[in-house]
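Visitor: Please find the sequence and the predicted model below.
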Number of protein chains: 2
Amino acid sequence: MTLGEYVTHQQHRIDAALERWVPSESTMPESIHKAMRYSLFAGGKRIRPILCLAAAEAVSDATAGIESAACTLELVHTYSLIHDDLPALDNDDLRRGLPTCHKVFGDAIAILAGDALLTLAFQVLAQMDCPAERKVAIIEDLSTSAGTVGGMIGGQVCDIEGEGQPPNAALLETIHRAKTGALLRASLRMGGIYAGADREQLDALSCYGEHVGLAFQIVDDVLDVEQSSEALGKTAGKDAQQHKITFPAVYGLERSRVMAEEQRKAAHSALRPFHGRGERLRELADFIVQRRA
Amino acid sequence: MTLGEYVTHQQHRIDAALERWVPSESTMPESIHKAMRYSLFAGGKRIRPILCLAAAEAVSDATAGIESAACTLELVHTYSLIHDDLPALDNDDLRRGLPTCHKVFGDAIAILAGDALLTLAFQVLAQMDCPAERKVAIIEDLSTSAGTVGGMIGGQVCDIEGEGQPPNAALLETIHRAKTGALLRASLRMGGIYAGADREQLDALSCYGEHVGLAFQIVDDVLDVEQSSEALGKTAGKDAQQHKITFPAVYGLERSRVMAEEQRKAAHSALRPFHGRGERLRELADFIVQRRA
């Protein structure tokens, strides 16, 4: 299987799991389930769940049912996008080439749809088919990564409060590590825990996750400068407009590209303990750095 | 111990657990932790956690550490209040006699503080000292009760969409069961599961929880008509003003009071399997029906 085929195959697995776990549009009350599904099935690349699946495969062949765990990363990621796009936060009208959730369903339903996706993530993790100890370890890791202390919400707060501050490397790193890095790292660790990784393997996945997470964010920031809104499917140039602290703002475009490349190599190195089993993760690191949208 | 002393004692246990689990105001980023603590320590009566503690005590004497579980009910309840009070939802300025979270910290931080309290609830449940199987059962029950299908968020959606519709008993019951009933029922079940309740005990606690939940909501609706904003610590008369579907609107004040009394008696009956051990729960049902705020 080429990487492209692999990615498509895994996207289908994740979409099928989401289809199973998320209440149908005709489940009452309909509006909230329509809103949840609208944002979930709006063409997300499923990068986090795919990293989770690949991490599990690097550890073990016994990963049956892992799509259920992996799809919760998309539930959490999508909740964060819906809330971030709200008028009170980033006030964005366009996401993945479509009007944002609150533009279609109104602010009230968008807030509740975000809440519901986050809540559903933990319900799925509790109900999936997996030993209780591993479920608990995954729930602990995911909730911490999505939380306020070094996690996603904390990063979002720093990001909002950092707007308009002079670009500086320390704040940039704090924001990135928390806002996008923590959940990406958790994606890798989730796959590892589900598959029964030992301590060394889990540390390697964490390290890989940190480097890939950093690479991902640098590339995201670079694309926001370079690409059109059409190519990105979201409003381009928004970072500069909102005076966000970004890698290009702190280091310039050229240095940012070099840094992404360094992170890609560091991610590769972290995979040594997996030998040949880490090949997909290696390819995924390349894919994340080379993507154009 | 009188019931009053018991309630005060349990409130202190819950507040101490919240104090331990919720990051301090000086933890970075400070604003979100200040907002979380502002709403958490704004004088909530801790009814849900107290019901959880009393349920556990009805089942077993081995309930060490249960404050950690119980305090997550207050995290979830408080998150729902913060989001419900937002301008996009109920647009309320006053809660427990104080300006609402978004009035003090702004809409963005209020949205994120709600998200953070919900996320933290699951982190605490994963990290508390309790066998993994029970943690998973509690997380499953809480997430379902807080979710969209018959749970808290679903009830909130029905409530918003029911505004201005002609009062009708079926919709009223659907809204109540989901919006406040599900979390109250989960509070009782959480205590039961934590303490190792058998099937019969868990069913009895669920039944008690449903009746107490209904009684609680009827009394809430009646107080909204009868009492002043000052006595309630929140904007009184808001239900009628927003054309909410309430028990007094559907059944009138007098019939509503009779219904609350019927629910109190049904809650008492549900406690039969616990014999003398159910005494505190019996008293709490009385307390909930007789409260004046």
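Guide: Nice, thanks for sending it over. Numbering: from 1, shown residues only, chains lettered A, B, ... in the order given.
Visitor: where does the stretch 51-200 of chain A have low pLDDT?
Guide: Counting by pLDDT under 70, the stretch 51-200 of chain A contains no low-confidence range.
Visitor: got the residue ranges for the helices in it?
Guide: A:66-85, A:101-105, A:107-127, A:132-145, A:152-162, A:169-176, A:182-194, A:199-226 (DSSP state H, counting those that start in this stretch).
Visitor: anything in the first one sitting right up against chain B?
Guide: Looking back up the chat, that one is helix A:66-85. Yes - counting by CB under 8 Å from any CB of the partner chain, contacts between helix A:66-85 and chain B involve A:79, A:83. For glycine as for every other residue, the C-beta is placed from the backbone atoms N, C-alpha and C.
Visitor: Now do that helix: distance to the chain's middle.
Guide: Between the centre of helix A:66-85 and the centre of its chain there are 7 Å (CA atoms, centre = their mean, to the nearest Å).
Visitor: With the third one instead?
Guide: When C-alpha coordinates are averaged (CA atoms, centre = their mean), helix A:107-127 and its chain have centres 16 Å apart.
Visitor: just so I know, which of the helices of the stretch 51-200 of chain A lies nearest residue B:272?
Guide: helix A:107-127 (30.7 Å; CB to CB).
Visitor: so that closest one versus helix A:182-194, what angle?
Guide: 20 degrees (axes from the mean of the first three to the mean of the last three CA atoms, to 10 degrees).
Visitor: contacting residues around the closest residue to residue A:60 other than its chain neighbours?
Guide: Excluding the flanking residues, the one nearest residue A:60 by CB to CB, 6 or more residues apart in numbering or on different chains is residue A:195, at 4.1 Å. Neighbour list for residue A:195: A:55-57, A:59-60, A:62-63, A:66 [criterion: CB atoms under 8 Å, 6 or more residues apart in numbering or on different chains].
Visitor: thinking again about what came up before, give me whichever of the helices of the stretch 51-200 of chain A is most buried.
Guide: Highest mean neighbour count among the helices of the stretch 51-200 of chain A (mean count of other CB atoms under 10 Å in any protein chain shown): helix A:182-194, with a mean of 28.
Visitor: closest to residue B:17 out of the helices of the stretch 51-200 of chain A?
Guide: Each of these has some distance to residue B:17 by CB to CB; the shortest is helix A:132-145, at 16.8 Å.
Visitor: who touches the closest one?
Guide: By CB under 8 Å, 6+ apart, helix A:132-145 touches A:69, A:72-73, A:76, A:121-122, A:125-126, A:128, A:130, A:150-152, A:182-183, A:185-186, A:189-190, A:193-194, A:196, B:119-120, B:122-123, B:125-127, B:132-133, B:135-136, B:139.
Visitor: go on, stretch A:243-261?
Guide: A:159, A:162-165, A:167-169, A:171-172, A:175, A:214-215, A:217-219, A:221-222, A:224-226, A:238-240, A:289.
Visitor: can you list the helices of the stretch 51-200 of chain A in TSV and add distance to residue B:30?
Guide: Listed next are the helices of the stretch 51-200 of chain A as TSV, based on distance: least, CB to CB, whole Å:
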stretch	distance to residue B:30
helix A:66-85	20
helix A:101-105	28
helix A:107-127	23
helix A:132-145	19
helix A:152-162	9
helix A:169-176	13
helix A:182-194	19
helix A:199-226	24
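Visitor: could you measure the residue nearest in space to the middle of chain A against residue A:81, distance?
Guide: Compute the mean C-alpha point of chain A, and by CA atoms, centre = their mean the closest residue is residue A:48, 4.6 Å away. Distance of residue A:48 to residue A:81, computed by CB to CB, to the nearest Å: 12 Å.
Visitor: Tell me the residues of the stretch 101-250 of chain A that contact chain B?
Guide: Contact residues (CB under 8 Å from any CB) of the stretch 101-250 of chain A with chain B: A:106-109, A:111-112, A:114-116, A:118-120, A:122-123, A:125-127, A:132-133, A:135-137, A:139-140, A:143-144, A:146-149, A:151, A:153-154, A:156-158, A:160-161.
Visitor: if you set the cut-off to 7 Å instead, what comes out?
Guide: Proximity of the stretch 101-250 of chain A to chain B, by CB under 7 Å from any CB of the partner chain, involves residues A:107-108, A:111-112, A:115-116, A:118-120, A:122-123, A:126-127, A:132-133, A:135-136, A:139-140, A:143-144, A:146-149, A:153-154, A:156-158, A:160-161.
Visitor: tell me the contacts of the residue of the stretch 151-293 of chain A found nearest chain B?
Guide: Taking CB to the nearest CB, chain B has its nearest neighbour within the stretch 151-293 of chain A at residue A:157, 4.3 Å off. Contact analysis of residue A:157 by CB atoms under 7 Å, 6 or more residues apart in numbering or on different chains lists B:29, B:31-32, B:112.
Visitor: Highest neighbour count among those?
Guide: Neighbour count (other CB atoms under 10 Å in any protein chain shown) singles out residue B:112 as the most crowded of the contacts of residue A:157, with 30 neighbours.
Visitor: Surely that residue touches residue A:154?
Guide: No - counting by CB atoms under 7 Å, residue B:112 does not reach residue A:154; the two are 9.1 Å apart.
Visitor: Find residues that contact each of these two.
Guide: residue B:32.
Visitor: Off-centre distance for stretch A:200-207?
Guide: The answer for stretch A:200-207 is 18 Å, by CA atoms, centre = their mean.
Visitor: tell me the mean pLDDT for stretch A:201-214?
Guide: Averaged over stretch A:201-214, pLDDT sits at 97.
Visitor: Contacts for that stretch, please.
Guide: The contact list for stretch A:201-214 (CB under 7 Å, 6+ apart) reads A:55, A:59, A:176, A:180-181, A:184-185, A:187-189, A:192, A:197, A:263, A:266-267, A:270-271, A:273-274, A:281, A:285, A:288.
Visitor: please redo it, this time with the cut-off set to 8 Å
Guide: A:51, A:55, A:58-59, A:176-177, A:180-182, A:184-189, A:191-193, A:197, A:259, A:263-264, A:266-267, A:270-274, A:281, A:284-285, A:288.
Visitor: one step back: the residue nearest to the centre of chain A against residue A:184, yeah?
Guide: Yes - under the contact definition of CB atoms under 8 Å, residue A:48 touches residue A:184, with a separation of 6.4 Å.
Visitor: that older thread, go through the contacts of residue A:157 and flag which are in strands.
Guide: Judged by DSSP state E, strands contain none of the contacts of residue A:157.
Visitor: Out of these, which are close to chain A?
Guide: B:29, B:31-32, B:112.
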